[in-house]
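[1] generate coordinates for the sequence data below:
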Amino acid sequence: MSIIILAIESSCDDTAAAVLRDGKMLSNVVASQDMHRQYGGVVPEVASRAHQENIVPVVELALRNAGVEREKLTAVAFTKGPGLIGSLLVGASFAKAFALSLNIPLLEVHHMQAHVLAHFAEDPKPSLPFLCLTVSGGHTQIVLVKNHLEMEVLGQTIDDAAGEAFDKTGKMLGLDYPAGPLIDKLAQSGQPVFSLPEPQVPGLNFSFSGLKTAILYFIRDKSKENPNFISDNLPDICASVQDRIVRILLKKLKLAVKQTGIKEIAIAGGVSANSGLRNGLEALGKKEGWITYIPSFEYCTDNAAMIAVTGYYKYLNGDFAGQDAAPMARMAFGI
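    Below is the predicted model of the structure:
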């Protein structure tokens, strides 16, 4: 009998649903919220209200694209956390009601662990164990993936995440939100000619707070000398910022490989869509003899396919949630 899972993701500002049958993705639908651009960042109350409007049509479209009737579903998976509590509540409430109405099991999923397992939504799949550098707007982690449901964080940011450094830099430069993709695009026509400091953090942990401050002072001082500094040098500024962030990430990843001896290496999370990081990992992997895994763009940013994959492995493990399952804004990394 086939295992068919409906998955729902609503941790931030994307409403997503996916359907997976026996480990194969049948559909993956995402409704993004563009209204946050005018505010320069995600507004939690606006996001949760938009989820309420989007979740029914998104789920219906995911089922339709998959060619699956709801009565054929085996289980419903949803994002438990971490994320915006109002947004999480919408997805969790819908998933619980949907599962209850069909009398099928419920599966709660950790958002960041799902980013790691997004690699199992497509081929080629990493061999276990592997290392995954997970980078997003809120998280920066190096994860040792022992098996599908056992992971260990070897290092993480002690303050701000890499994605936040991109977005805050974009704000300093007057770019629209989200700034990460814009910086990436501009960087491709620039050169990393400006020197930016490298945070000195021991071990495998990261820090981007000091780098953000250094970028702020750099832009301030240069703009005093030349009021048109930003407009005159925008591509080179973006290239310099991106180059520094990518070098920080890859340096720590290289250290993790040295410490563990594992050479199966993956990246995940929204920042894994960054061309500098993707190209940098590929080049470093060839140089060091690593086997590298870079996700398709649709599996980098928040999506329900990764929730479906994680839910599938939890189903096989008999790890079900009850109707008392509650979303959590903050959530420890561990299954």
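[2] for the rest of this, base every contact and every neighbour count on C-alpha atoms.
    Will do.
[3] quick one, phi psi at Met112?
    Phi and psi for Met112, reported as degrees, to the nearest 10, are phi -70, psi -30.
[4] check contacts around it.
    Pro82, Thr134, Phe333 (CA atoms under 8 Å, 6 or more residues apart in numbering).
[5] just the buried members of those residues?
    Pro82, Thr134 (16 or more other CA atoms under 10 Å).
[6] and the contacts of Met112 as CSV, adding distance to Asn274, pLDDT and secondary structure?
    Converted to CSV, the contacts of Met112 look like this (distance: CA to CA, whole Å; pLDDT from 0 to 100; DSSP: H, G, I helix; E, B strand; the rest coil):
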residue, distance to Asn274, pLDDT, secondary structure
Pro82, 23, 96, coil
Thr134, 12, 97, strand
Phe333, 24, 81, coil
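[7] ok, of the contacts of Met112, which one's closest to Trp290?
    Nearest to Trp290 among the contacts of Met112: Thr134, at 17.2 Å, using CA to CA.
[8] do I have it right that that closest one meets Gln141?
    Yes: judged on CA atoms under 8 Å, Thr134 makes contact with Gln141 at a distance of 5.2 Å.
[9] which elements pack onto the top helix by length along the chain?
    For the chain, the helix that runs over the most residues, judged by DSSP state H, is helix 229-260. Using 3 or more CA pairs under 8 Å, 6 or more residues apart in numbering; DSSP states H and E, the elements in contact with helix 229-260 are helix 162-172, helix 180-187, helix 209-225, helix 275-288.
[10] may I see the buried residues of stretch 165-177?
    Within stretch 165-177, judged by 16+ other CA under 10 Å, the buried ones are Ala165, Phe166, Asp167, Lys168, Thr169, Gly170, Lys171, Leu173, Leu175, Asp176, Tyr177.
[11] same thing with stretch 197-213?
    Judged by neighbour count (16+ other CA under 10 Å), stretch 197-213 contains these buried residues: Leu204, Asn205, Phe206, Ser207, Phe208, Ser209, Gly210, Leu211, Lys212.
[12] over to stretch 120-139?
    Buried residues in stretch 120-139, counted by 16+ other CA under 10 Å: 120-121, 126, 129-139.
[13] do the same with stretch 88-95
    Here stretch 88-95 shows Leu88, Leu89, Val90, Gly91, Ala92, Phe94, Ala95 as buried, counting by 16+ other CA under 10 Å.
[14] got the contact list for the fourth one?
    Meaning Gly91. Going by CA under 8 Å, 6+ apart, Gly91 touches Ile8, Glu9, Ser10, His51, Ile55, Phe78, Thr79.
[15] may I see those residues organised as CSV, with distance to Ile265 added?
    Formatted as CSV, the contacts of Gly91 follow (distance: CA to CA, whole Å):
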residue, distance to Ile265
Ile8, 27
Glu9, 25
Ser10, 28
His51, 34
Ile55, 34
Phe78, 27
Thr79, 25
